[in-house]
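S.K.: 3D model of this:
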Amino acid sequence: MSEKSDVQQKLELSELVSLCKRRGFIFQSSELYGGLNSCWDYGPLGVELKRRVKDIWWRDTVQFRNDVVGIDASILMHPRVWEASGHVESFHDPMVDCKECKGRFRADHLEGDKCPECGGELTEPRDFNLMFKTHVGAVADDASAVYLRPETAQAIFVDFEQVMTCSRLRIPCGIAQIGKSFRNEVTTRYFIFRSREFEQMELEFFVAPDDEERWFEYWLDQRLNWYTSSLGIKKGSLRLRPHEKTELAHYAKGCSDVEFLFPFGWSELEGIANRTNFDLSQHAKFSGKKIEYFDDLSGQKFVPSVIESSAGVDRTILTILMDAYDVEPERTVLRFHPDVAPIQVAVFPLMKKPELVEVATKLEKDLRKQFRTFYDVTGNIGRRYRRQDEIGTPYCVTIDYDSLNDHSATLRDRDSMKQKRVSFDQMIAAIGEAQSNPDFWSQSQ
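M.R.: Numbers count the residues shown, from 1 in each chain. Modelled structure (predicted):
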C-alpha cells in the first residue's frame, strides 16, 4: 500500500480532479442538473487522450500482429448469454447499509463492522446483482428482459466460430474488442477508477489446451511491458500481482493483475487470466451447439482454451494522469508521453501582430499535418507556456520578430524548459528527433 497519509491521498486526487475539470479533461455528467453520481463526461482534451489510449492499444494488439482480429459487438445480447456465463446466477456483491447515515457499502471492502463514514451500525450483508436490467419491445415483462453487458468478453466467445470462419485464422489466434460495459456497482469511488459505465479493451487469445501455460506467460510479459513501452508509465509505479488460489474465479487456472500505485494504494489496471476452455464449453452447453476447432495439420479436434487480457480504458486514463501529474514551485505539469498527449505541439506568435500571426498560423497549419497542434495568441508568452505545461503539451513553438528574417522559430521542451532555435523547414524533423533522442536538447544548434 502507499505510505502516504489518507489526507495526502485525498488531496492529491482532489487536485487532479480539479485540474481535469478546469482544463477540460473530465467533468461530472449532467452537472447542469446537479450531476449524476459516478457518471463522467470527457471534455475536449479528455476525449483526445482517451482516443489515443484506445488507438495505441488497437495498434499494438491488432494492427501490428497477424494473429489477432477485431470485432465490435452489440451491447444488448440474448439473455441466455449471461446465464451461460454465470452472471445471472453469481454476479453479485455483498451489500450493507448504515442504519444511521443510510450510506451503502460493499461488505467485502469494509475492515470492521461499523459504518466507515459515521461509525453507525450496519445491516446484515445481502447479495446485490450488478447487472443493469432493461427491456426490449413494447411490453416490459420477463419475456422482454435483457441486460446491459457487464463485460465485452462474452460477445467474443459467442461470435468465436463466425469470426474464425470469415477471418480464416488458425489457432493460436486472438479476437479483440473495445467497448462500453455497465455494472451497477454498490459503491463507486476514486473519480473514474470505479464507475457504473466504463470502457474495456479486451483480448481473448485462443490456444490449444496443451499450450495454454506458455501463452499465459507470454501475455503476462506483453501486457505489463505495454504500459511502460507504449504509454510511458514509470516502471516503479507498476507491478504484476499473481492471484492467490482463494481469489481465482472457479473457471480460471491462473490470473495476474497489472497494478498501479495510485494515491489510494496498489489497485488493478488489467487482469490477465488463463480461463481454460470454460467459456466456449459453457456456450456450447447452453446453446446446444457444438463449438470445436479442427486443426487440419495435426488432425485433432478440441475446444480451445482462452488467455484473456482485460484492461479498463478509464482506469488507464486515470493511471496516465496520475503518473504524469507533477507540481513544481512555479508550475503544474502533466508529463505525458508524446504519443498520448492530447496536444503534441502548441504554436504561438510572440505578440498579436498581423505579421507574426500570419507566419505562426501558416506554420501551425504545416505542423498539423504531422502532429496534434494548438494555436494560441492570448496572454503573455509565459502564461501561454504554463497553460500548455498544465495540459501536458510536450513542445511549444514561438514565432518572434527574428522569425520574419531568419525563417526560424523557438522550440521549447515541456519537461526541461530548454529552448532551441529551429528553421521552419526542419521543424517537423526536429520535433520527431526530440521525441526519440534524449540528447537532442544538449546538442549544439
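S.K.: Please report phi then psi for the residue lying closest to residue 307 once chain neighbours are set aside.
M.R.: In space, and not counting its chain neighbours, residue 307 is closest to residue 205: 4.5 Å by Cβ to Cβ, 6 or more residues apart in numbering. Any C-beta I mention is one placed from the backbone N, CA and C, and that applies to glycine too. Phi and psi for residue 205, reported as degrees, to the nearest 10, are phi -110, psi 120.
S.K.: Count the residues that sit near residue 205.
M.R.: 25 (other Cβ atoms under 10 Å).
S.K.: what's the neighbour count on the closest residue to residue 100 other than its chain neighbours?
M.R.: In space, and not counting its chain neighbours, residue 100 is closest to residue 120: 3.0 Å by Cβ to Cβ, 6+ apart. Residue 120: 15 surrounding residues under other Cβ under 10 Å.
S.K.: Would you confirm that residue 120 contacts residue 105?
M.R.: No: when contacts are counted by Cβ atoms under 8 Å, residue 120 is not listed as touching residue 105 (11.2 Å).
S.K.: Give me the common contacts of these two.
M.R.: Contact criterion Cβ atoms under 8 Å, 6 or more residues apart in numbering; residues shared by residue 120 and residue 105: residue 98.
S.K.: name the element residue 438 belongs to?
M.R.: For residue 438, there is no helix or strand it lies in under DSSP states H and E.
S.K.: my bad, should have said residue 326
M.R.: For residue 326, the enclosing helix or strand under DSSP H and E is strand 325-327.
S.K.: Pull the distance from that strand to the chain's centre.
M.R.: For strand 325-327, the distance from its own C-alpha centre to the chain's C-alpha centre is 20 Å (Cα atoms, centre = their mean, to the nearest Å).
S.K.: Any buried residues in whatever helix or strand comes next after it, and which?
M.R.: Reading on from strand 325-327 to the C-terminus, the next helix or strand found by DSSP H and E is strand 332-334. In terms of neighbour count (16 or more other Cβ atoms under 10 Å), strand 332-334 has its buried residues at 332, 333, 334.
S.K.: ditto for stretch 211-227
M.R.: Neighbour-count burial for stretch 211-227 flags 212, 215, 216, 219, 220, 223, 224, 226, 227 (criterion: 16+ other Cβ under 10 Å).
S.K.: Residue nearest the middle of the chain, spatially speaking?
M.R.: Central residue of the chain (Cα atoms, centre = their mean): residue 313, 2.2 Å from the mean position.
S.K.: re the thing from before, residues contacting the strand holding residue 326, please?
M.R.: By Cβ under 8 Å, 6+ apart, strand 325-327 touches 12, 15, 16, 19, 332, 333, 334, 335.
S.K.: Verify the stated contact: the last one with residue 324.
M.R.: Okay, so that is residue 335. Yes: counting by Cβ under 8 Å, residue 324 is a contact partner of residue 335 at 4.6 Å.
S.K.: hey, C-alpha coordinates of stretch 64-84 in CSV?
M.R.: What follows is stretch 64-84, C-alpha atoms only, in CSV (Å, rounded to 0.1, in the frame of the first residue of the first chain):
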residue,chain,number,x,y,z
PHE,A,64,0.8,-4.8,-35.5
ARG,A,65,0.0,-8.5,-35.3
ASN,A,66,-1.1,-11.1,-37.9
ASP,A,67,-2.8,-13.4,-35.4
VAL,A,68,-5.4,-11.1,-34.0
VAL,A,69,-8.6,-9.6,-35.5
GLY,A,70,-11.2,-7.3,-34.0
ILE,A,71,-15.0,-7.1,-33.6
ASP,A,72,-17.5,-4.5,-32.4
ALA,A,73,-20.4,-6.4,-30.9
SER,A,74,-23.8,-5.2,-29.7
ILE,A,75,-24.2,-4.0,-26.1
LEU,A,76,-27.5,-5.8,-25.9
MET,A,77,-27.3,-9.6,-26.2
HIS,A,78,-29.6,-12.6,-25.8
PRO,A,79,-30.3,-13.1,-22.1
ARG,A,80,-29.2,-16.7,-22.3
VAL,A,81,-25.6,-15.5,-22.9
TRP,A,82,-25.5,-14.2,-19.3
GLU,A,83,-27.0,-17.5,-18.0
ALA,A,84,-24.2,-19.4,-19.7
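S.K.: now that stretch, how far from the centre of its chain.
M.R.: Stretch 64-84 sits 19 Å away from the centroid of its parent chain (Cα atoms, centre = their mean).
S.K.: likewise stretch 176-184?
M.R.: Its chain's C-alpha centre and that of stretch 176-184 lie 12 Å apart, by Cα atoms, centre = their mean.
S.K.: Report the mean per-residue pLDDT for that stretch.
M.R.: Average pLDDT, stretch 176-184: 93.
S.K.: Pull it out as CSV, backbone CA atoms only.
M.R.: What follows is stretch 176-184, C-alpha atoms only, in CSV (Å, rounded to 0.1, in the frame of the first residue of the first chain):
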residue,chain,number,x,y,z
ALA,A,176,-10.1,-8.2,-29.7
GLN,A,177,-12.8,-5.6,-28.8
ILE,A,178,-13.0,-2.2,-27.3
GLY,A,179,-16.4,-1.2,-26.0
LYS,A,180,-18.7,0.1,-23.2
SER,A,181,-19.7,-2.1,-20.3
PHE,A,182,-22.1,-1.5,-17.4
ARG,A,183,-22.1,-2.6,-13.8
ASN,A,184,-24.5,-1.4,-11.1
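S.K.: residues of that stretch that come out buried?
M.R.: 176, 177, 178, 179, 181, 182, 183, 184.
S.K.: and the residues you listed as a markdown table, adding secondary structure and distance to residue 432?
M.R.: Output for the buried residues of stretch 176-184, formatted as a markdown table (DSSP: H, G, I helix; E, B strand; the rest coil; distance: Cβ to Cβ, whole Å):
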| residue | secondary structure | distance to residue 432 |
| --- | --- | --- |
| 176 | strand | 29 |
| 177 | strand | 32 |
| 178 | strand | 28 |
| 179 | strand | 33 |
| 181 | strand | 37 |
| 182 | strand | 41 |
| 183 | coil | 42 |
| 184 | coil | 47 |
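S.K.: Take these and lay them out in CSV including distance to residue 401.
M.R.: Shown next, in CSV, are the buried residues of stretch 176-184 (distance: Cβ to Cβ, whole Å):
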residue, distance to residue 401
176, 52
177, 53
178, 48
179, 52
181, 55
182, 56
183, 58
184, 61
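S.K.: Cool, thanks, talk later.
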